[in-house]
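**Student:** just need the structure, nothing else, for what follows:
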Amino acid sequence: MSKGLAPPSAANELANQRLVLALGWAGVVPMVGCVIMIEMPLATTLLKTYSLAIIAFLSGNWWSTALMKRDLSRWQLSQTLLASNAIVIVGVIVVIFMDDRSLLVLGVLFGCLLWGERYYSVFSKQPKYYRRMRTGVTCAVIVFHFIAFGLSL
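**Tutor:** Predicted structure coming up:
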């Protein structure tokens, strides 16, 4: 058996989990920076743009996850793909056409992504450590968006 196909060792699995957790939480850092510098003219634009990029990234992950799961019904696949598209489209529209209230909508969209990962069966096999991290990161992201909106008034 080639080394690439061998099951991961416990040490390797732990290292992978640490990497995933570190990257997940590191993704919050630019948002925190934008909130801290919210008085600067570019901070809100950066926060909205970065948030939209993360929403698109997470939504794209829905596609790959759903397409790799061969036992999904056509209905389940369609729901997952269309929901992810709808979330990104709403995000793009609010970033382009809304003022700082778009921060509230973006926060809600992050919540929708987390809800979808709990609701759609395609995500049922996510590891517990990942689910916990996603919940914590998403809650923090939502709070930072609401704080940024409050500070931008």
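**Student:** which helices and strands sit right next to the longest helix belonging to the chain?
**Tutor:** Counting residues, the longest helix found in the chain (DSSP state H) is helix 41-68. Helix 41-68 is packed against helix 29-36, helix 74-97, helix 102-119, helix 128-152, with contacts defined by 3 or more CB pairs under 8 Å, 6 or more residues apart in numbering; DSSP states H and E. Heads up, the C-betas are built off the backbone N, CA and C, glycines and all.
**Student:** hmm, 6 Å instead?
**Tutor:** Contacts defined by 3 or more CB pairs under 6 Å, 6 or more residues apart in numbering; DSSP states H and E place helix 41-68 against helix 29-36, helix 74-97, helix 102-119.
**Student:** relative to Glu117, how far out is the nearest residue to Leu106 once chain neighbours are set aside?
**Tutor:** Leaving out its chain neighbours, the residue that sits closest to Leu106 by CB to CB, 6 or more residues apart in numbering is Ser51, at 4.6 Å. Computed as CB to CB, to the nearest Å, the Ser51 to Glu117 distance reads 17 Å.
**Student:** before we move on, the earlier item: what angle do the longest helix of the chain and helix 102-119 make?
**Tutor:** With axes from the mean of the first three to the mean of the last three CA atoms, to 10 degrees defining the directions, helix 41-68 sits at 20 degrees from helix 102-119.
**Student:** re the thing from before, among the helices and strands packed on helix 41-68, which is the most enclosed?
**Tutor:** Ranked by mean neighbour count, the helices and strands packed on helix 41-68 are led by helix 102-119 with a mean of 19 (mean count of other CB atoms under 10 Å).
**Student:** who's in contact with that one?
**Tutor:** Helix 102-119 is contacted by residues 48, 51, 55, 58, 83, 87, 91, 94-95, 123, 138, 141-142, 145-146, 148-149 when judged by CB atoms under 6 Å, 6 or more residues apart in numbering.
**Student:** where are the low-confidence patches of this protein?
**Tutor:** Per-residue confidence for the chain (pLDDT under 70) gives these ranges: 1-6.
**Student:** again, 90 this time
**Tutor:** 1-11, 41, 70, 153 (pLDDT under 90).
**Student:** spatially central residue in it, please.
**Tutor:** The centroid of the chain falls nearest to Leu58 when counting by CA atoms, centre = their mean (4.4 Å).
**Student:** any chance of CSV for the helices and strands packed on helix 41-68, columns distance to Tyr130?
**Tutor:** Below are the helices and strands packed on helix 41-68 laid out as CSV (distance: least, CB to CB, whole Å):
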stretch, distance to Tyr130
helix 29-36, 19
helix 74-97, 17
helix 102-119, 9
